[in-house]
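> Sequence and computational prediction follow.
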Amino acid sequence: MSAELSTTFTGLRFENPFLLSSAPPTESDSNIMRAFDAGWGGVVTKTIGLHPVVNVDGPKTKFMRANADSGRLSMQKRAGAVLHSSWNWELISDKTLDWWVPRIRRIKEAFPHKVLIASIMAGSGNDKELKHWQELAETAQGEGADGLELNFSCPHMDRRDMGSNIGKDQGLCSVVTEAVKEVAKVPVWCKLTPATADIVVEAAACFRGGADAIVSSNTFPSIPLIDPETMEFEINVDGFVSSGGLGGPAILPLSLAKMAQLTKAFPDRSFSGIGGVSDFNQALSYFLLGCGTVQVCTAAMLDQAVGPNVIKKLLAGLDAFLESHAKDGFTSVEDFRGIRRDRIVLQSEIRRPDAADYHSGYESVEGYAAPQPETAVRV
Ligand SMILES: Cc1cc2nc3c(=O)[nH]c(=O)nc-3n(C[C@H](O)[C@H](O)[C@H](O)COP(=O)(O)O)c2cc1C
């Protein structure tokens, strides 16, 4: 048996299951082509919209690091501190659809065997906005994009009908997905926000609209820390800050929890996992929970902008894992995908040191079945 790094996800064949997610590493054709040269199986473009965006003055992303000895967290650069997270308030691509059009075609012509997914975003409050989604979808697929990722997750949009505000509204998730599916000839993935009470609800709505896969997570809502010396936010413009997005190692367990909810609720559906991945060990958790592909942003940003060493490590890790588990019959990701999904159970289903009479916080028998005290007055 020989190890097989390629995989098929939503009908698309990937040389390997690792993608650069929609973010600065995929903001240009030159970056994307460098990423493909470096070995990534696919990329999701930086999100393309029809409305022009203007980013804040100053840095759009910073990295938070922790001191190994004291645990101090800060964005200030200092020796010996280890990466905790990325924090960003960057909007979607500041390039127009016209700018992207010839580039999507050129990338696909240069790399016909790599997978290029176009991330797109529009509003959703009226028919005109739904037509914008369709225009973006038809244009991207017309230029050769292999799939579409609908951005229902950008945490920085003030508009009530855009970005993560779509991902917080199951009605909008469904309506937008359906509108795109009406015109799509390629697979449609929906990237959901983790900032909702129960992501299963929005995922179900996307599937009702016809989604081929769910992607999770985008960054988590967060604000920068306040510097104790200056009492100013560590990143701000004129002293002001707005809620931004946390990515990187800090969100790995949080994203895994979201993914576990999703894959348990829809074991037969397709999922692409994102959040805190920098080497194969972390990607493995997503595969074991049921993801068919894994995407990377923060780790790639810190590795020559497109992650040449990150993808090398991911590929070597997958190869070594398959080799060491050849005895278990693993020859590709499909052989171990989802095999730990069913290990997540209710707290009350976890074994206790002794057979204590524990009923998940309820009385042993409750409701109508509970024995009523003799004196109880029944009405
Ligand atoms: C600076 C920056 C810009 C991003 N821009 C986008 C975007 O345009 N569209 C999108 O869907 N996600 C965007 N993301 C989210 C990432 O694709 C990814 O979901 C998130 O960073 C979590 O992955 P990570 O832990 O590997 O960073 C951005 C993230 C960062 C850090």
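That came through, no problem.
> Would you mind listing the residues in contact with the spatially closest residue to Glu135 that is not a sequence neighbour?
In space, and not counting its chain neighbours, Glu135 is closest to Leu50: 7.0 Å by CB to CB, 6 or more residues apart in numbering. Yep, even glycine has a C-beta here, placed from its N, CA and C like the rest. For Leu50, the contact set (CB atoms under 8 Å, 6 or more residues apart in numbering) comprises 97, 122, 132, 135-136.
> Where does pLDDT dip in this structure?
Applying pLDDT under 70 to the chain flags residues 1-2, 355-357, 365-379.
> looking at it, Lys313 is touching Asp279, isn't it?
Yes: between Lys313 and Asp279 there is a contact at 4.8 Å, judged by CB atoms under 8 Å.
> between the two, which one's more packed in?
A count of neighbours by other CB atoms under 10 Å puts Lys313 above the other of Lys313 and Asp279, at 18 against 15.
> May I have the helix or strand harbouring that one as CSV, with CA atoms only?
In this assignment (DSSP states H and E), Lys313 forms part of helix 308-324. What follows is helix 308-324 as a C-alpha-only set of coordinates in CSV (Å, rounded to 0.1, in the frame of the first residue of the first chain):
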residue,chain,number,x,y,z
PRO,A,308,6.3,27.6,2.2
ASN,A,309,7.7,25.9,5.3
VAL,A,310,4.2,25.4,6.8
ILE,A,311,3.0,23.4,3.7
LYS,A,312,6.3,21.5,3.7
LYS,A,313,5.6,20.5,7.4
LEU,A,314,2.0,19.6,6.7
LEU,A,315,2.9,17.4,3.8
ALA,A,316,5.7,15.7,5.6
GLY,A,317,3.5,15.2,8.6
LEU,A,318,0.7,13.6,6.6
ASP,A,319,3.1,11.4,4.8
ALA,A,320,4.7,10.2,8.1
PHE,A,321,1.3,9.7,9.7
LEU,A,322,0.1,7.5,6.8
GLU,A,323,3.3,5.6,6.8
SER,A,324,3.2,4.9,10.6
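> chain center to it: distance?
21 Å (CA atoms, centre = their mean, to the nearest Å).
> cool, stretch 18-33 as well?
Relative to its chain's centre, stretch 18-33 lies at 15 Å (CA atoms, centre = their mean).
> Count the neighbours of Gly71 for me.
8.
> before we move on, which element is it in?
Applying DSSP H and E, one finds Gly71 in no helix or strand.
> From the contacts of Leu50, which land in helices?
97, 132, 135-136 (DSSP state H).
> which stretches of the stretch 51-200 of the chain form strands?
Assigned by DSSP state E, counting those that start in this stretch, the strands in the stretch 51-200 of the chain fall at 61-67, 73-74, 81-88, 115-121, 147-152, 188-192.
> Give me every residue in this structure lying close to the ligand.
Within the chain, the positions lying close to the ligand (CB under 6 Å from any ligand atom) are 21-24, 46-47, 60-61, 86, 88, 90, 92, 119, 151, 153-154, 191, 218-219, 247-248, 251, 274-277, 296-299.
> Helix, strand or coil: sort out Gln295 for me.
Assigned by DSSP: H, G, I helix; E, B strand; the rest coil, the conformation of Gln295 is strand.
> List the contacts of it.
With the criterion set at CB under 8 Å, 6+ apart, Gln295 makes contact with 18-21, 44, 215, 272-274, 277.
> one step back: kindly present the contacts of Leu50 as CSV, with separate columns for neighbour count.
Shown next, in CSV, are the contacts of Leu50 (neighbours: other CB atoms under 10 Å):
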residue, neighbour count
Leu97, 18
Ala122, 26
His132, 21
Glu135, 15
Leu136, 25
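> can you redo the residues you listed as JSON lines with distance to Gly329?
Shown next, in JSON lines, are the contacts of Leu50 (distance: CB to CB, whole Å):
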{"residue": "Leu97", "distance to Gly329": "47"}
{"residue": "Ala122", "distance to Gly329": "46"}
{"residue": "His132", "distance to Gly329": "48"}
{"residue": "Glu135", "distance to Gly329": "47"}
{"residue": "Leu136", "distance to Gly329": "43"}
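> how about the strands of the stretch 51-200 of the chain in a markdown table, adding mean neighbour count and distance to Ala3?
Formatted as a markdown table, the strands of the stretch 51-200 of the chain follow (neighbours: other CB atoms under 10 Å; distance: least, CB to CB, whole Å):
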| stretch | mean neighbour count | distance to Ala3 |
| --- | --- | --- |
| strand 61-67 | 18 | 34 |
| strand 73-74 | 17 | 39 |
| strand 81-88 | 20 | 30 |
| strand 115-121 | 28 | 20 |
| strand 147-152 | 28 | 25 |
| strand 188-192 | 27 | 26 |
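> quick one, helices of the protein?
Ranges of helices in the chain, per DSSP H, are 29-38, 97-110, 127-142, 164-167, 170-183, 199-209, 252-265, 280-289, 298-301, 308-324.
> quick one: the second one to strand 115-121, angle?
I take that to be helix 97-110. 170 degrees (axes from the mean of the first three to the mean of the last three CA atoms, to 10 degrees).
> Helix 97-110 packs against which elements?
helix 29-38, strand 48-49, strand 115-121, helix 127-142 (3 or more CB pairs under 8 Å, 6 or more residues apart in numbering; DSSP states H and E).
> Ok, the third one next?
In terms of contacts (3+ CB pairs under 8 Å, 6+ apart), helix 127-142 is packed against strand 48-49, helix 97-110, strand 115-121, strand 147-152, helix 170-183.
> can you list contacts of that helix?
With CB under 8 Å, 6+ apart as the criterion, helix 127-142 contacts 48-50, 97, 100-101, 104, 118, 120-124, 148, 150, 161, 175-176, 179-180, 182-186, 188.
> and stretch 291-303, how far apart are its ends?
24 Å (CA to CA, to the nearest Å).
> let's have the chain start at 8 instead
Sounds good: first residue 8 from here, last item stretch 298-310.
> Can you give me the buried ones in stretch 76-85?
Buried residues in stretch 76-85, counted by 16 or more other CB atoms under 10 Å: 80-82.
> what's the straight distance from one end of it to the other?
For stretch 76-85, the end-to-end distance is 13 Å (CA to CA).
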